[in-house]
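Q: Starting from these lines, generate the structure:
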Amino acid sequence: MTDSAAAITAPVEPTAEELFALAGKGMLFSHWARRNRDRTALLSPRGNRSFAELNGNANRLLAHFHAVGLVPGDGVALLCGNIPQFIETYLACQRGGLRLTPINWHLSPREASYILADCEAKAWVVQGEFVDLTALAPTAIVTTRLTTGVARAGFESYARALDRHDASDPIDPVIGTVMLYTSGTTGQPKGVVRQNPIILMPQRENSLCDYRDGDLNLLCGPAYHGGPLTFDIAFAIASGIPLLMMERFDAAQWLSLVGKYHVTHSHMVSTMFRRLLALPEEVRRAANLDSLKRIFHGAAPTSPEVKRAMIDWFGPVLHEYYGATEASPGIGITSEDWLKKPGSVGRIPEGSPASIRDADGNLCAPGEIGFVSFPYNPATSASYFRAPEKNAETFGRSHFSIGDLGYVDEDGYLYLTGRSAEVIISGGVNIYPQEVDNALASHPAVREVCTVGVPNEEWGEEVKAVVALADGFAASPELERHLLAYAREQLASFKIPRSIDFVETVPHSEAGKVLRAEVRRAYWATATRQI
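A: A predicted model of the protein is given here:
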């Protein structure tokens, strides 16, 4: 990518006020398209885009949405991998006031179709390979279904839809929002949406990303996930930084791309670090990593041993962050600070909404373990889409928690010590145990089930199901294989338990609730870490 690394002779730059006005309408990328017009904005195995082409395609797609009746506030569902159309759809929704829901393409047709219906999308953009995932979804309110590649039954060609419209910027742009799906204890995923969209300014010099002209962001994780979507896509798009896309992560290929294209920024998770460190020594020694400036990582804990090894190899370029779909507390830590405070995920900055509180909502003293908590404000906080009962359950108090346990030291640095066990994080992906429970519990052999995360060195956690059998059924390897196959018919592959342990009874509280934390604790009793 020679052109993005070349010096840019920039025109007079907009003032901060002018940039804020553009950001408030979702039009920052239009500024970068005028500034960097023919330079490469997107490199992908499925084709590149210049800044002008990427901006123009976003405008064409938005014009199509307008032509079929979409207005600000309407939903758009995006079921695509790491391909150019994902970025074009993101940009179109960002400047069209539309509510974009990216969907995990690893889901089963039942799971994907549930989200397609629940998000109330009036438009679908689906990668050709994933059209079959939509087969069970109702289409009553959908006014357009586009697919990449050739048209399919019920779907129009994405390219043909764009060809009918011109590339002009919209006359009255309105900033849109992104609604990611998460779950919790209820088993059914829910969309997390903000009443007021986040206005993201450029992350240029001396910012968190410290982007400069000539930088390049490498997208190596799934674009539908909140981490890559924020750190690889949203920040780069807002800052006029080109994006190099990997469709799937491969450790050796990642190293090769960094050296070949002089990558400066990327977002990763702990599992990727482990795979890089496991490469043959000669491959690691041959890698050229001199261009790297920022490797953001989060979504799942990284062990101190792995993180120290990565800093020793890459240098002090790792920047860890802490947050969740429901909360963005602005907590993070540089490599330099982490080496002074190993194991911390960052200092809670002054003015941050995060705090450590006990089960009654009282503030904890330094060193005292409690729930990492956040205040709830209906005007500024996220909430669950069309889910009043779940909102009341989660946000019904002055402060809410996503279930993480931790403490702050005397200097205000946050350390995570565990979780409430209502979520499993495997390879940086959240898995909600109630979903697995529900799938297995529908089998006649299962009297009761409790799914938990158990230690796994590569993935952090793996899924384990603990099953009490119904009368007339006996534990056996054959029954375990049968139940796993049964679950596979209903759930995405990454949610399937690696194994099942059969027990006489599953522990309950006096109120009859399954004590998931107690079941989980038994598997972590001898582990050196608890998350």
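Q: Relative to Thr147, how far out is the nearest residue to Gln127 once chain neighbours are set aside?
A: Once flanking residues are discounted, Gln127 sits nearest to Cys80: 4.3 Å by C-beta to C-beta, 6 or more residues apart in numbering. Quick note: C-beta positions are derived from backbone N, CA and C, even for glycine. According to C-beta to C-beta, to the nearest Å, Cys80 stands 10 Å off from Thr147.
Q: And the closest residue in space to Glu368 that isn't next to it in sequence, how far from Gly351?
A: Nearest residue to Glu368, sequence neighbours excluded (C-beta to C-beta, 6+ apart): Tyr407, at 5.9 Å. Distance of Tyr407 to Gly351, computed by C-beta to C-beta: 20 Å.
Q: Who has more neighbours out of those two?
A: Set Tyr407 next to Gly351 and count neighbours by other C-beta atoms under 10 Å: Tyr407 wins out with 18 against 6.
Q: what's the helix or strand hosting the more buried one in contact with?
A: Per DSSP states H and E: Tyr407 is located in strand 399-408. Contacts to strand 399-408, defined as C-beta atoms under 8 Å, 6 or more residues apart in numbering, come from residues 324, 326-327, 348, 355-357, 361, 364, 366-376, 394, 414-423.
Q: now with 7 Å?
A: For strand 399-408, the surrounding residues in contact (C-beta atoms under 7 Å, 6 or more residues apart in numbering) are 324, 326-327, 348, 356-357, 361, 364, 366-369, 371-376, 394, 414-420, 422-423.
Q: Dump it to PDB, restricted to CA.
A: What follows is strand 399-408, C-alpha atoms only, in PDB (Å, rounded to 0.1, in the frame of the first residue of the first chain):
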ATOM      1  CA  HIS A 399     -26.000   1.800  39.800                       C
ATOM      2  CA  PHE A 400     -25.700  -1.300  37.700                       C
ATOM      3  CA  SER A 401     -23.100  -3.900  37.200                       C
ATOM      4  CA  ILE A 402     -22.300  -6.300  34.300                       C
ATOM      5  CA  GLY A 403     -21.200  -8.900  36.800                       C
ATOM      6  CA  ASP A 404     -17.400  -8.200  37.000                       C
ATOM      7  CA  LEU A 405     -15.800  -8.400  40.400                       C
ATOM      8  CA  GLY A 406     -12.700  -6.400  41.300                       C
ATOM      9  CA  TYR A 407     -11.000  -3.900  43.500                       C
ATOM     10  CA  VAL A 408      -9.000  -0.700  43.200                       C
END
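Q: Neighbouring strands of it in the sheet, and parallel or not?
A: strand 370-375 (antiparallel), strand 413-419 (antiparallel) (DSSP bridges).
Q: circling back to that earlier point, quick one, what contacts the residue nearest to Gln127?
A: Taking C-beta under 7 Å, 6+ apart, one finds Phe86, Val125, Val126, Gln127 in contact with Cys80.
Q: Pretty sure Glu462 sits against Asn456.
A: Yes: if you go by C-beta atoms under 7 Å, Glu462 and Asn456 touch, sitting 4.0 Å apart.
Q: ok, now how distant is the residue of the chain most remote from its centre from Glu480?
A: Residue farthest from the centre of the chain, counting by C-alpha atoms, centre = their mean, is Gly472 at 43.0 Å. If you measure Gly472 against Glu480 using C-beta to C-beta, the figure is 17 Å.
Q: Okay, strands next: where are they in the stretch 401-531 of the chain?
A: Using DSSP state E, counting those that start in this stretch, the strands assigned to the stretch 401-531 of the chain run over residues 413-419, 424-426, 429-431, 446-456, 460-469, 499-503.
Q: what residues does the first one touch?
A: What that stands for is strand 413-419. If you take C-beta under 7 Å, 6+ apart as the criterion, strand 413-419 is touched by 301, 322, 331, 341, 343-348, 369, 403-409, 530-531.
Q: packing partners for the host helix or strand of Val306?
A: Under the criterion of DSSP H and E, Val306 resides in helix 304-314. Secondary-structure packing of helix 304-314 (3 or more C-beta pairs under 7 Å, 6 or more residues apart in numbering; DSSP states H and E): helix 270-277, strand 318-324, helix 335-340.
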